[in-house]
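# Fold the following, please.
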Amino acid sequence: MPVTFQYNKTYLHHLSKALRIREQALPTLMAKETALRLEVQKAKQEALALEREIEKKNADIRSSFPLWHEFPEDLMALEKIVTEAKKIAGVKIPLLRQVVFSVRHCSLFGLPSWIPGGIEMLKSMVELSIRAELARHTVDVLELARKKTTQKVNLYEKVQIPEYQEAVLKIRRFLEDEENLAKASQKILKQKLSQAELAA
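Model prediction:
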């Protein structure tokens, strides 16, 4: 809002409209801020749960570590990660739909018997790691949106709305004073005219 303003009805209407827009938007922004705060907490809990699950699976893999040197390096590869956008409190976040792996065709007769189970274990670990990464990303995205919403709430509530209210009040008082002065001037002029007519 400009520091200098005009003392007329057009500018008063402009300021009143801007004030009304902010007053109407504030409850919605406050509700969004609350929703985002809750979603950030949920996302943090989910990310933490996934981190714990990864630690548990890592411990399982470490316990069978001596076997992993038998696992063929080129046996499997990550082919693609399929995600879709989901809106949470008006904020787009990525949602994991599918993790696609390619497994090289080979004779399992020449490989140790634990290899098929090892493939599933690795698939599960990679998918879990991707979920955890997306969960951390979701926390960051939601946290940023919450901060921006909080800033806007504070800007409207503590700065702009009070400034607009003060400006509207000043202009209204000025226009009322101007109107009262005009009425007083007309009254004085009428009195002088009537006095002049009496004197004539």
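# So, low pLDDT: which residues of this structure?
Residues of the chain that meet the criterion pLDDT under 70 lie in 1-5, 65, 107-109, 200.
# give me every residue that touches Lys123.
Counting by C-beta atoms under 8 Å, 6 or more residues apart in numbering, Lys123 touches Met76, Val99, Phe101. C-beta coordinates here come from the backbone N, C-alpha and C atoms, glycine included.
# And the strands in this structure?
Assigned by DSSP state E, the strands in the chain fall at 76-88, 91-103.
# ranking the contacts of Lys123 by neighbours, who comes first?
Val99 (19 neighbours; other C-beta atoms under 10 Å).
# Thr83 is in contact with that one, correct?
No - Val99 lies out of contact with Thr83 (C-beta atoms under 8 Å); the separation is 9.8 Å.
# Could you export the strands of the chain to CSV, including columns for distance to Glu176?
Below are the strands of the chain laid out as CSV (distance: least, C-beta to C-beta, whole Å):
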stretch, distance to Glu176
strand 76-88, 48
strand 91-103, 46
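# Tell me which of the ones you listed lies nearest to Leu26.
When the strands of the chain are compared by C-beta to C-beta, strand 91-103 sits nearest Leu26, at 19.1 Å.
# Which positions in the closest one come out as buried?
Val91, Ile93, Val99 (16 or more other C-beta atoms under 10 Å).
# and Ile188, how many neighbours?
Quick note: Ile188 (other C-beta under 10 Å) scores 10 neighbours.
# Just to check, Leu19 is in contact with Pro162?
No - using C-beta under 8 Å, Leu19 makes no contact with Pro162, being 10.0 Å away.
# what's the spacing between the residue positioned nearest the centre of the chain and Leu36?
Nearest to the geometric centre of the chain sits Ala145, at 2.4 Å (C-alpha atoms, centre = their mean). From Ala145 over to Leu36 the distance is 6 Å, taken as C-beta to C-beta, to the nearest Å.
# any common contacting residues for the two?
Common neighbours of Ala145 and Leu36 (C-beta under 8 Å, 6+ apart) are Ala89, Val91.
# Give me the more crowded residue out of Leu19 and Pro162.
Each of Leu19 and Pro162 has its neighbours counted (other C-beta under 10 Å); Leu19 has more, 19 against 12.
# need the contact list for the more buried one.
Leu19 neighbours (C-beta under 8 Å, 6+ apart): Ile161, Tyr164, Gln165, Val168.
# Derive a ChimeraX selection command for the buried subset of those residues.
The buried residues among the contacts of Leu19 can be selected in ChimeraX (16+ other C-beta under 10 Å) with this line:
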select :161,164,168
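# from the contacts of Leu19, which ones fall inside helices?
Ile161, Tyr164, Gln165, Val168 (DSSP state H).
# Tell me which residues touch the second one, please.
Shown in contact with Tyr164 (C-beta under 8 Å, 6+ apart): Met1, Leu15, Ala18, Leu19, Arg22.
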